[in-house]
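Undergrad: 3D, please:
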Amino acid sequence: QVQLVESGGGLVQAGGSLRLSCAASGRTLSSYAMGWLRQAPGKEREFVAAISWSEGTTYNVDSVKGRFTISRDNAKNTVYLQMNSLKPEDTAVYYCAAGTTSALRRGVPNYWGQGTQVTVSS
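TA: Just a heads-up that it's a prediction; the model follows:
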């Protein structure tokens, strides 16, 4: 089992920044890639970013490239999502997730957290 706890969401004006954190625990943690998914009201959950646990290879959806950066601290079992130049369309509940990189990019992770709300005002 993998447990994921997100933090760092909130309300920010367009153009602002937020950093999300995800504390992960579990005996098989190193077997999974970590990532972030998001779900806006009335929309399907979508992939945002992922990072492999060993090599640190990262993946991002096109809409956040150049603005969002995913990183991880293996010693702390924590994954971060630095979000810059936020736009109103980034408003969503953001979920930390764990799984294969393929599963994360398809939006079907093995595990996910409770989510944290990010609201970007115009």
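
Undergrad: quick one: contacts for the residue nearest to the spatial centre of the chain?
TA: The geometric centre of the chain, computed from its C-alpha atoms, lies nearest to Trp36 (CA atoms, centre = their mean), at 2.1 Å. By CB atoms under 8 Å, 6 or more residues apart in numbering, the residues touching Trp36 are Leu20, Cys22, Val48, Ala49, Ala50, Ile70, Val79, Leu81, Tyr94, Tyr95, Cys96, Ala97. Quick note: C-beta positions are derived from backbone N, CA and C, even for glycine.

Undergrad: If we use 6 Å, what do you get?
TA: Contact analysis of Trp36 by CB atoms under 6 Å, 6 or more residues apart in numbering lists Val48, Ala49, Leu81, Tyr94.

Undergrad: Could I get the full set of helices for the protein?
TA: 101-105 (DSSP state H).

Undergrad: And the strands in it, which stretches?
TA: Taking DSSP state E, the strands of the chain run over residues 3-7, 10-13, 18-25, 33-39, 46-51, 58-60, 68-73, 78-83, 92-99, 111-112, 116-121.

Undergrad: Could you find the closest non-adjacent residue to Ala103?
TA: Closest residue to Ala103 apart from its sequence neighbours, by CB to CB, 6 or more residues apart in numbering: Pro109 at 5.7 Å.

Undergrad: Distance check, that neighbour against Gly15.
TA: 30 Å (CB to CB, to the nearest Å).

Undergrad: Perfect, I'm done here.
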